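A.B. asks: Compute the structure for the input listed below.
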Amino acid sequence: METTAQLLGEPLPVELMNTIWADRDGVHDALADPDGTRAWLRAVAPRIALLADHDLAGITAADTADLAGRLVLLRDALRRLAAEATGDPRTAAASAIRERDAAIAAVNQAAGAVPTWSALTWVAGEAPVRHVRTQGHAAGAAVSAIAEEAIGMFSRGDEAGLRACLAPGCVLYFVKDHPRREWCSPSCGNRARSARHYRRHRTGGSD
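C.D. replies: Modelled structure (predicted):
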């Protein structure tokens, strides 16, 4: 099973925010069930140093359900903070977490839930290698790693580049990595331009 989330190459906290997505049928949740959670984790695993396919294969159904709950809580907290940072006006994109302090507490809790640390191995004749170790199963530690990355993003001021995609019907976020970038994806850009063209045609003027 492939994840239904739109992976846009954004930082992992933003990719997690974007597990809430929308189309003409409404707003969807890519983490709505254990299979969806497992599919999303498998899709982002190559970007998380401590998570591999065999880690996901070894977790139980109960563990997967727990992970889904933790990821959804972290996702909703990050979307609340993203809305704060971007002044997001989109009603459909509103987080289930309404209070900023509750969102901050959820992120902090997620970051500290499963400790990780670095370990060095150095085989004679080979280059030294850094490994990431974890207390508990790796998939759980991946949630903490995403929370840790989010804390770094917000505390360094990186959220200044964070944007809410204001294309019609979109609920995604993105990082503005180019001065001319206005939308999360080319398809949203096309949709926004089409809507703009329609408004100009209807009113007979410019917007």
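A.B. asks: Now stretch 173-181: buried residues?
C.D. replies: Judged by neighbour count using 16 or more other Cβ atoms under 10 Å, the buried positions of stretch 173-181 are 173, 174, 175. For every residue, glycine as well, the C-beta is placed using N, CA and C.
A.B. asks: what's the longest helix in this structure?
C.D. replies: Counting residues, the longest helix in the chain under DSSP state H turns out to be helix 61-86.
A.B. asks: In this structure residue 88 contacts residue 163, no?
C.D. replies: No - between residue 88 and residue 163 there is no contact under Cβ atoms under 8 Å: 9.1 Å.
A.B. asks: so what's residue 188 scoring on pLDDT?
C.D. replies: Residue 188 carries a pLDDT value of 93.
A.B. asks: That one belongs to a helix, doesn't it?
C.D. replies: Yes - the assignment for residue 188 by DSSP: H, G, I helix; E, B strand; the rest coil puts it in a helix.
A.B. asks: Next up, the contacts around the closest residue in space to residue 111 that isn't next to it in sequence.
C.D. replies: In space, and not counting its chain neighbours, residue 111 is closest to residue 147: 3.9 Å by Cβ to Cβ, 6 or more residues apart in numbering. Shown in contact with residue 147 (Cβ atoms under 8 Å, 6 or more residues apart in numbering): 13, 74, 107, 108, 110, 111.
A.B. asks: State the next helix or strand along the chain beyond the longest helix of the chain.
C.D. replies: helix 100-113 (DSSP states H and E).
A.B. asks: who does that following helix touch, helix- and strand-wise?
C.D. replies: On a contact count with 3 or more Cβ pairs under 8 Å, 6 or more residues apart in numbering; DSSP states H and E, helix 100-113 meets helix 61-86, helix 138-155.
A.B. asks: Now do that helix: everything it contacts.
C.D. replies: Residues contacting helix 100-113 (Cβ under 8 Å, 6+ apart): 70, 73-74, 76-78, 80-81, 84, 95, 97, 140, 143-144, 146-148, 150-151.
A.B. asks: what pLDDT, on average, does it get?
C.D. replies: On average, helix 100-113 scores 95.
A.B. asks: Could you check how far that helix is from the centre of its chain?
C.D. replies: 15 Å (Cα atoms, centre = their mean, to the nearest Å).
A.B. asks: export that helix as PDB, just CAs?
C.D. replies: C-alpha atoms of helix 100-113 as PDB (Å, rounded to 0.1, in the frame of the first residue of the first chain):
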ATOM      1  CA  ARG A 100      -1.200  27.200  21.000                       C
ATOM      2  CA  ASP A 101       0.000  26.100  24.500                       C
ATOM      3  CA  ALA A 102      -1.600  22.700  24.100                       C
ATOM      4  CA  ALA A 103       0.200  22.300  20.700                       C
ATOM      5  CA  ILE A 104       3.500  23.300  22.200                       C
ATOM      6  CA  ALA A 105       3.000  20.800  25.000                       C
ATOM      7  CA  ALA A 106       2.200  18.000  22.500                       C
ATOM      8  CA  VAL A 107       5.300  18.700  20.500                       C
ATOM      9  CA  ASN A 108       7.500  18.700  23.600                       C
ATOM     10  CA  GLN A 109       6.000  15.500  24.800                       C
ATOM     11  CA  ALA A 110       6.500  13.800  21.400                       C
ATOM     12  CA  ALA A 111      10.200  14.900  21.300                       C
ATOM     13  CA  GLY A 112      11.000  13.400  24.700                       C
ATOM     14  CA  ALA A 113       8.900  10.200  24.400                       C
END
